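Asks: Provide a 3D model corresponding to the input given below.
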Amino acid sequence: MKKILAVLLVVLFLVPAVFAGGSKEAGVVTSTDKDPKTLTVWAWDPNFNIAALKAAEKIYQEDHPDFKLNIVEYVYNDIQTNLIAAAEAGDISTLPDIFLMQDYQFHTYANRYPEVFTDLTDSGIDFADFTAGKAADSNVNGMQYGVPFDNSTTIFAIRKDIVEMAGFTVEDFDQITWDDFIAKARVVKEKTGHPMITISGGSEIIIEILQSAGTDSPVVDGKLNIAGNEVLMKAFEIYKTMYDEGILIDYTDWNEYIASMNTGVTGGVIQGCWILGSIEAAADQSGLWRVVTIPRLGDVAGATNYANIGGSSWVVSGNANKELAIDFLKSTFGSSTALYDTVLESNSVIASYLPAASSSLYNEEVPFYGGQKVYADIVEFAGNVPAVDYGNWYNEIRDALNVALTNIVQNGADIATELENAEATVDFAISAL
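Replies: As a prediction, the model looks like this:
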């Protein structure tokens with residue numbers, strides 16, 4: 001009974017996808033249907049993850065000309081739902097060979113549904129070649145379940161022309177506090193009519209603010225730390241102020257969110273650096289964007305201007321053609337600097353694969369960003385990101401914070417009370433596991 005209740009809680013709390021560009025349904029591919037030279041992959045975001053898959057396919061085809069990828073585009077929440085359904089049904093034959101998983105959720109799913117994953121520890125992939133924190137995200141109980149992919153450092157991408165219309169420079173928004181940011185964003189809104197930032201999925205910016213503080217994790221020593229969490233309270237207050245004043249617009253639809261950048265609605269966006277590929281889809285905006293650090297909490301000792309969000313890693317499923325899937329990942333995302341050069345140039349995919357970062361491309365001036373050495377800057381940002389602990393309950397914490405945020409901004413609920421309710425919700429979900 002507890003297991004059934006846990007699954008219902010996970011599914012019912014799923015919110016609109018935060019890191020996806022749409023969904024294309026495909027027929028179920030079972031193990032008996034598989035072409036021995038084709039791998040089926042589930043992923044999201046055609047301008048980023050799927051673009052990288054297509055580039056990897058071409059590289060692997062150089063030595064394996066008959067090889068093909070069957071790429072199925074799903075929003076991430078659909079991937080989660082399908083994984084849970086397969087595991088709970090005791091039939092993983094509906095799963096693809098490879099799927100993409102958000103880094104924060106490896107511990108949750110690998111502990112609950114280990115049969116969905118293939119242990120890659122002895123795959124021949126050298127995981128020491130990836131950033132330590134990134135590799136650790138998909139290492140569960142000493143077993144490596146994911147091949148690290150993107151660098152997910154949070155950036156503030158800002159429209160130079162819009163802030164200059166309000167009398168500011170880009171530098172005025174770098175290494176500042178949230179109080180400074182809000183004061184300047186008010187001026188931008190008043191003088192230009194543009195919101196300073198747009199987002200999609202409010203709890204994600206809450207999570208970024210929380211991580212940047214470097215303190216008050218939602219889990220401390222294995223125990224929940226949501227109710228009475230001072231940093232979380234400050235993060236909610238910041239969000240509510242920006243939302244109420246129109247400084248921030250929060251889109252429920254991902255495509256509308258991307259359009260807010262590509263059509264000139266917003267003065268900027270605070271998001272994982274993987275958003276650059278979507279920003280650059282608007283070629284007519286070349287030269288108008290810059291990248292700076294995110295704001296920090298000015299009244300929290302040790303708070304930083306750095307966070308990360310939305311990074312992902314590749315998983316070989318328990319239903320995979322394992323020999324082929326592992327060799328494909330080992331030969332591409334696990335070792336090919338040529339692949340990472342290609343996707344950096346074409347889609348601004350910044351690697352967590354350390355040998356790729358030594359490429360001269362990372363130190364080049366990027367015309368789209370006015371000649372800024374944006375990739376080198378992001379690598380520097382990545383080295384300053386504090387740790388944050390969600391235990392095995394990232395899903396439950398994120399979803400409870402989303403509910404709290406909705407109640408606060410839509411219904412005027414009290415922040416402290418909503419955080420108490422959020423902790424109670426997560427605690428109940430944990431007790432049902």
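Asks: Any idea how many residues pack against residue 170?
Replies: Other residues within reach of residue 170, judged by other C-beta atoms under 10 Å, total 19. All C-beta atoms are positioned from the backbone trio N, CA, C, and that covers glycine.
Asks: Please apply the same query to residue 430.
Replies: Residue 430 - counted by other C-beta under 10 Å - has 15 other residues nearby.
Asks: what residues are up against it?
Replies: Residue 430 sits next to 224, 393, 396 when contact means C-beta atoms under 8 Å, 6 or more residues apart in numbering.
Asks: Return the subset of those residues lying in strands.
Replies: residue 224 (DSSP state E).
Asks: Please tell me which one of the contacts of residue 430 counts the most neighbours.
Replies: Going by other C-beta under 10 Å, residue 396 tops the contacts of residue 430 with 25 neighbours.
Asks: The residue nearest to residue 247 when sequence neighbours are not counted and residue 404: what is the separation?
Replies: Spatially, and ignoring its direct neighbours in sequence, residue 247 is nearest to residue 185 (4.3 Å; C-beta to C-beta, 6 or more residues apart in numbering). Remark: distance between residue 185 and residue 404 (C-beta to C-beta, to the nearest Å) = 23 Å.
Asks: for residue 297, same thing?
Replies: 19 Å.
Asks: now the end-to-end length of stretch 192-202.
Replies: 24 Å (C-alpha to C-alpha, to the nearest Å).
Asks: Now it: average pLDDT?
Replies: Mean per-residue pLDDT for stretch 192-202: 94.
Asks: Quick check, residue 349 in contact with residue 150.
Replies: Yes: if you go by C-beta atoms under 8 Å, residue 349 and residue 150 touch, sitting 6.0 Å apart.
Asks: what do these two both touch?
Replies: 48, 274.
Asks: could you dump stretch 359-368 to CSV, C-alpha only?
Replies: Output of stretch 359-368 as CSV, limited to C-alpha atoms (Å, rounded to 0.1, in the frame of the first residue of the first chain):
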residue,chain,number,x,y,z
SER,A,359,39.9,23.2,-26.4
SER,A,360,40.8,26.6,-27.9
LEU,A,361,37.2,27.1,-28.6
TYR,A,362,36.5,27.7,-24.9
ASN,A,363,38.7,30.8,-25.0
GLU,A,364,37.3,32.2,-28.2
GLU,A,365,35.4,35.5,-28.4
VAL,A,366,31.8,34.7,-29.3
PRO,A,367,30.2,37.1,-31.8
PHE,A,368,26.6,36.4,-30.6
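Asks: Not counting the host helix or strand of residue 343 itself, show me its contacts.
Replies: Using DSSP states H and E, residue 343 sits within helix 337-347. For helix 337-347, the external contacting residues (C-beta under 8 Å, 6+ apart) are 47-48, 51-52, 55-56, 59, 277, 280, 332-333, 349-351, 353, 355-356, 359, 361-362, 375.
Asks: same question, stretch 221-241
Replies: 178, 182, 202, 205-206, 209-210, 213, 215-219, 247-248, 297, 299-300, 391, 393, 397, 400-401, 404-405, 408-409, 415-416, 418-420, 422-424, 426-427, 430.
Asks: just to revisit the earlier point, so for the helix holding residue 343, what gets flagged as buried?
Replies: For helix 337-347, a neighbour-count test (16 or more other C-beta atoms under 10 Å) marks 339, 340, 341, 342, 343, 344, 347 as buried.
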